[in-house]
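> structure for the following, please:
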Amino acid sequence: MSEFVSERRAPVSWIALYSALLGATSIVPIFPYVGGGGYWPLSLPLAAIAPFILGLPAATLSAFIGGLIGWVLSPAAYPLGIIDVILTGTMPAITVGLTMNANKMKYYIILMILYVSQAIIINLVPYYIPGPAGGFDAAPQPLYFSLFLPTWLPWIIVLLTPIGFRTLPRLIREATGAKRFIAMYFTVLIGMFLWWMPWEYPYWYVYKYPVSLTIATVSVYLIWIPIFCVIITIIAIPIIEGLKRSGLPKVAGAIW
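Numbers count the residues shown, from 1 in each chain. The predicted structure follows:
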């Protein structure tokens, strides 16, 4: 585990500025919701890298405030209102932050509980709970179950090994060059698949997605999320490197 020197908590001014940045970038669409209903805003990748910059607690607060601002400025980015402030605005910071801190037991336990619970829920809601009684199609099996396997099974396996709870958290803080890029990419990828699961199924429930549309949307996101995480990593690396060279006091829990 790496040592931090001259640490401080993220200053209130940094939290306020980052919240404003997230709120302002909510008006910039980067990807439409597959199936319609809204769009992913530019604030989404910036929320995902917030824990790298501010540490997990401050990043969570900043992302939530930024989500509230974004909801006011751009309701189309938060079509479910306050629910989307949490799901779209705040959860990326939480899930990536938990993954980058998997070497700390309290965060690791929360991370594993979330991953296992969401892997179960996404297979059940809404096509089994409430299922046909709630007006939803029956899910075709084994296609439906197998379609979700890439969203959780590989990453739970990784997190159960030292690669997930020791190597990745160390490399994103200590490695350089390609090793750091790869470690950061997989940290973001694991976190963003965890974010995606609870973000997705509320839309299936609220908008009464037919199961065929859900299968189509999942197929698209299985391709898009890994690509999106490359983009997030490309955004994050120069910011982190710039902060490392800035001479500013380190922020507790951040990786620079």
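> show me what contacts Pro202?
Contacts here follow Cβ atoms under 8 Å, 6 or more residues apart in numbering; on that basis Pro202 touches Leu80, Ile83, Leu87. C-beta coordinates here come from the backbone N, C-alpha and C atoms, glycine included.
> try Val85
Val85 neighbours (Cβ under 8 Å, 6+ apart): Phe64, Gly67, Leu68, Gly70, Trp71, Tyr78.
> let's see that with 6 Å instead.
Gly67, Leu68, Trp71, Tyr78 (Cβ atoms under 6 Å, 6 or more residues apart in numbering).
> show me where the chain has its helices.
For the chain, the helices defined by DSSP state H cover 12-25, 43-54, 56-73, 82-84, 91-100, 105-124, 143-159, 162, 168-174, 177-206, 211-244.
> mean confidence (pLDDT) on the longest one, please.
The pLDDT scores in helix 211-244 average 96.
> now do it and helix 91-100, the angle between them.
If you take axes from the mean of the first three to the mean of the last three Cα atoms, to 10 degrees, helix 211-244 sits at 70 degrees to helix 91-100.
> how close does the nearest residue to Ile237 once chain neighbours are set aside get to Ala236?
Spatial nearest neighbour of Ile237, chain neighbours left out: Phe181 (6.3 Å); criterion: Cβ to Cβ, 6 or more residues apart in numbering. Going from Phe181 to Ala236 by Cβ to Cβ, to the nearest Å gives 9 Å.
> number of residues surrounding the residue nearest to Ile237?
Number of residues near Phe181 (other Cβ atoms under 10 Å) recorded here: 18.
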